Structure formats: C-alpha cells, structure tokens
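> Sequence first, predicted coordinates after that:
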Amino acid sequence: MNVSTLEVRADTLLVNCTDGTTATYPTLWLRDNCASAFHPQTEERVLDLLSLDAAPVLQQASHDGETITLHYADGHVSVMPLALLDAHRPGRPAADPAAVPPRLWHADLTPAGVPRFAAAQILGNDGALRTWMEETSTIGLSLVDGLDNRLDAGVEVACRIGFLRETNFGMSFEVVSKPDPNNLAYTAVTLPLHTDLPNQEVPPGFQFLHCLANEAEGGGSVFADGFALAEDLRARDPEAFRLLSEVAIPFRFHDRDADIRTHAPVITLDRAGRVSEIRWNAHIAGMFDMDAAVMPAYYRAYRTFMAMTRDPAYQLTFKLAAGEMIVFDNRRVLHGRAAFDPASGFRHLHGCYVDRGEFNSRLRLLARAGG
C-alpha cells in the first residue's frame, strides 16, 4: 500500500493510495485492531470491546511510508503497519494460502491426468508435501503410490497433514467384504456415487483409501466432481439447484452402537454463493420431511441430480492397485465402486479421514515456512 494522502474524519480514516484506490477504515475497527488489543505472545484479543466508546473520535493521522500513527480524542495513540492495513482492507477478505481455487472436471479427467505423487517424497520433503496438497485441493483428488504393504502405511501419509478424524467407524477402517456388515462398503455390491457420512453434523473432509489388495474380479473405483455436477445443475436447472441448496433433508446412520442424524441441504454454498460442500448419499438419506407442498418439486430436483451422478460424462473410473492410495475431498468428490466377486480374489482397502480444517491449517503453515 503506497499512501498518497490521509483523510481524517471523526468516525473514519480514508487512505488514498497512489494507484487511485481508497481504503476506508471505521475508527472502531481501527481501535479494535490496534496492536494493544492483542496479547503479545498468543496474539489473541485481550481488548474488551465494550470498554471503548461506540464511536471513538479520530483526531489526527500521519504516515511514514511503513506505518500510520493515529491519535484519538481520548488520548489513545495507535501505530499500525501499512502492510497490515493493506492485507485487511474492509470489504476484501485477507489472502489465505489454503484458499486454493478448485478446477472443475468431468470425464475429461482420465486416470493418467490424476495428480500422482510418491509416498516417499510426501513423507520426506515439505516442498513435495505442499505441492501434493495444493494439487489435491485443486482437483479434489490425487493418487499416492509406492506405499509399503503395511496397514498403517497410508495413515502415516495422512498424519503428515494433521490429526485423523475419528468417527463411529473408528480412527481408521477396513474396506473388506465381511459377514454381518453395518455399511454397504463392507459388502461386495455396487456402490453408486456418494459422499461419506453426510449424517454427521460436519462430514469428514479428506478421505484416504490405501489399497493393500485388489485381486477380485470387478471392484473398480468411480469418482465424480460434485462441484462440477452442482454448477452444471445451476446452469441447466436453476430451480432444482435452488431447492437442493436451500431445502435441508434428513440423513441418518444407525446400527447397534450408533444413531447419528442431521438435517442439511445436498448442496452447501459459501457466503459468496460458491458451492462449498456436497452431501450426497441416497442410501442413508432419511424420509423426506419437508412440507408436502414442496415435495413434488424437490423430488424432481433430487432425481435430476441423481441422474447426473449416473451419467458417464461426469465419471472417472479406474482400478486401484496394491501400493496405491486415492486421496480425495469427501465434501466435494463423490466416490463409488463396481460390484466384485469376493470368491475370485481378495480385496482390501484401509481408510482414514483428515478434516478440512486440519488440511487447511497445514497448507497455511507450509506457506508460512516457504516449504
């Protein structure tokens, strides 16, 4: 921020810049963000906002090229770095290294185009870790190969990011066909495209599925970019998009040990109206309980989206090999599986989750360190 002039008003500071722009800072905001408002070590707020006047009066301001000095009527003096003021201009969100813009994809993304990284590089180099995480965030998924034939090999890669997310399925889980299953993933049947655990108040973020064996006939993996599905729906059928993003539906998982329910829309938007999350799992959607007058239109929208998930134009398909791990944003990328014959060979995947918050925190720390 290169300052040309400062304009002092009783309730506002106008910073006129040499590039012709003007930044407007209310005086209460300036006092609330003075260095004296924060603990010097923890950087947490220590100022009691109610101890200030509702409209502190600014009397004088000056700058020296790097800082602005502010004098208030109550005698308080603030020295604020211009870099800080520029980074936090009201009306413009601060830069965030974790805010990686998504690149939407359809069936044009082939297995060869999926970002692929060696486990050894991710485990041993922060630069490779950051590149892998950024590319995974951009596309929504990536492949990690060269994993050891150990149950915890994939977990070790996930832990390079942060803490694992524990769910009612445990800290990690085995994807194998087994008797008395409590989830369709533990059977050999086809799994249509879905996201995991939409019944949770906050569904898990990034999912890690390490393939230890995939010798059975069938069992190929299917993926689709839920953000691309949602944006295409918005363009083609705005009313269906509105219903799926505004009307919350019930999701429920229950077995002998858990009964976890929530209401949420299929499509979640952020404050800018961008698609930020997809909850799609027709197997654990509860009985719709919106007003009966809304149901016909909602069912039409729901079926429209369901049909899109079945369209090969959106699907990426391949078969994981032993030593490979697929990593994907569970709140963006839908995943599924073709049926397989457990009598024809063994199929074993080991999975875990890392929440988006942990993922984004790690990206910010890597950016700060220049890794």
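Arrived safely, thanks for sending. As the structure is a computational prediction, the values presented were derived from the model and not from experiment.
> Neighbouring strands - and their directions - for the lowest-mean-pLDDT helix or strand in the chain?
Using mean pLDDT, DSSP states H and E, strand 340-341 stands out as the lowest-scoring helix or strand of the chain, at a mean of 80. Taking DSSP bridges as the criterion, strand 340-341 sits next to strand 217-218 (antiparallel) in its sheet.
> Contacts for the strand it pairs with, please.
Applying CB atoms under 8 Å, 6 or more residues apart in numbering, the contact partners of strand 217-218 are 338-341, 344-345. Heads up, the C-betas are built off the backbone N, CA and C, glycines and all.
> where's it relative to the chain centroid, distance-wise?
Strand 217-218 has its average C-alpha position 32 Å from the chain's average C-alpha position, going by CA atoms, centre = their mean, to the nearest Å.
> if you go through the stretch 151-300 of the chain in chain order, where are the helices?
Across the stretch 151-300 of the chain, reading from the start of the chain, the helices by DSSP state H, counting those that start in this stretch fall at 153-159, 226-236, 238-246, 295-309.
> what does the domain assignment say about the protein?
Using automatic domain parsing, the domain parsing of the chain gives 3-87, 111-369.
> so where's this structure shaky on pLDDT?
Applying pLDDT under 70 to the chain flags the ranges 177-189, 371.
> Now do stretch 332-344: distance from first to last residue.
Between the opening and closing residues of stretch 332-344 lies a distance of 33 Å (CA to CA, to the nearest Å).
> Run through the strands of the stretch 151-300 of the chain in chain order.
Ranges of strands in the stretch 151-300 of the chain, per DSSP state E, counting those that start in this stretch, are 172-175, 191-194, 206-214, 217-218, 221-225, 249-254, 259-264, 267-269, 275-278.
> Report the contact partners of residue 262.
In this structure, residue 262 makes contact with 198-201, 250-251, judged by CB under 8 Å, 6+ apart.
> what would these look like in a markdown table with neighbour count and distance to residue 320?
Listed next are those as a markdown table, based on neighbours: other CB atoms under 10 Å; distance: CB to CB, whole Å:
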| residue | neighbour count | distance to residue 320 |
| --- | --- | --- |
| 198 | 23 | 23 |
| 199 | 24 | 26 |
| 200 | 18 | 25 |
| 201 | 10 | 30 |
| 250 | 16 | 33 |
| 251 | 23 | 27 |
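> Show me the one of the domains of the chain that comes nearest residue 99.
Nearest to residue 99 among the domains of the chain is domain 111-369; the distance by CB to CB comes to 8.3 Å.
> what's the first-to-last distance across stretch 106-123?
With CA to CA as the measure, stretch 106-123 spans 30 Å from end to end.
> thinking again about what came up before, helix or strand next in line after the least confident helix or strand of the chain, which one?
Reading on from strand 340-341 to the C-terminus, the next helix or strand found by DSSP states H and E is strand 347-354.
> Quick check: buried residues in the helix or strand following that following strand?
Note on strand 347-354: by DSSP H and E, the next helix or strand toward the C-terminus is helix 356-369. When neighbours are counted by 16 or more other CB atoms under 10 Å, the buried residues of helix 356-369 are found to be 356, 358-360, 362-363, 366.
> which ones are touching residue 155?
In this structure, residue 155 makes contact with 164, 172, 208, 210, 350, 352, judged by CB under 8 Å, 6+ apart.
> Greatest separation within those residues: which pair is it?
Longest distance between any two of those is 13.1 Å, between 164 and 210; criterion CB to CB.
> Can you get me a residue count around the closest residue to residue 219 other than its chain neighbours?
Distances taken as CB to CB, 6 or more residues apart in numbering place residue 340 nearest to residue 219, at 3.4 Å, with adjacent residues excluded. Here the neighbour count serves as a burial measure; for residue 340 (other CB atoms under 10 Å) it reads 22.
> Distance-wise, check residue 340 relative to residue 147.
Shown here: residue 340 relative to residue 147, a distance of 21 Å by CB to CB, to the nearest Å.
> What about the contacts of strand 217-218, which one has the most neighbours?
Neighbours here are counted as other CB under 10 Å. On that basis the top member of the contacts of strand 217-218 is residue 340, with 22 neighbours.
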